[in-house]
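**Student:** turn this into a structure:
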Amino acid sequence: MSIYVGNLSYEVSPEDLSEVFSEYGKVKRVHLPTDRETGRKRGFGFVEMETEAEEDKAIETLDGAEWMGREIKVNKARPREDKSSFGGGGRRDRF
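**Tutor:** Predicted structure coming up:
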C-alpha cells in the first residue's frame, strides 16, 4: 500500500519526506510527481513504508499536522484511475 501526502510545500524534497516518515517506521520509497510541462513539483507525494501498521501510525499522527508552514493531508493512497477509457459518450462503430 502507499500513503498519499497532500498540500506539500513546493520546496519539499524526497529526503525531507523520508526523514519525517522514518519516525514511524522504515520508508521503502518516496515519490514526488512533477508537472510534465514545467518540471515543477505538484504539491503532493506518495510514501511507501515497510508495513501497513507503520503506514497507519504515520497517517494517524501526521494527517492535519503543520509542516513547512502548511497543514498536510495524509491518507491511504487510492489506486490510480484507468485513463485509457474515454469516459463514455464516445462514438461506437456498429456492424
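**Student:** hmm, who's touching the lengthiest helix in the chain?
**Tutor:** Criterion DSSP state H: the longest helix present in the chain is helix 52-62. When contacts are defined by C-beta atoms under 8 Å, 6 or more residues apart in numbering, helix 52-62 is touched by residues 1, 3, 5, 20-21, 23-26, 47, 49, 72, 74-76. (C-beta placed from N, C-alpha, C; glycine too.)
**Student:** could you find the lowest-pLDDT member of those residues?
**Tutor:** Ranked by pLDDT, the contacts of helix 52-62 bottom out at residue 1 (79).
**Student:** what's the local residue count around that one?
**Tutor:** Neighbours of residue 1 under the rule other C-beta atoms under 10 Å: 10.
**Student:** for the chain, what spans make up the strands?
**Tutor:** 3-6, 27-31, 44-49, 66-67, 70-71, 73-76 (DSSP state E).
**Student:** include mean neighbour count when you put these into TSV, please.
**Tutor:** Output for the strands of the chain, formatted as TSV (neighbours: other C-beta atoms under 10 Å):
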stretch	mean neighbour count
strand 3-6	20
strand 27-31	16
strand 44-49	20
strand 66-67	12
strand 70-71	13
strand 73-76	15
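**Student:** of all the ones you listed, which lies closest to residue 12?
**Tutor:** Each of the strands of the chain has some distance to residue 12 by C-beta to C-beta; the shortest is strand 44-49, at 7.3 Å.
**Student:** put the alpha carbons of the closest one into CSV.
**Tutor:** Once non-C-alpha atoms are left out, strand 44-49 reads as follows in CSV (Å, rounded to 0.1, in the frame of the first residue of the first chain):
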residue,chain,number,x,y,z
PHE,A,44,1.7,16.2,-3.3
GLY,A,45,3.6,12.9,-3.0
PHE,A,46,3.5,9.3,-2.1
VAL,A,47,5.3,7.3,0.6
GLU,A,48,5.6,3.6,0.8
MET,A,49,6.5,2.0,4.2
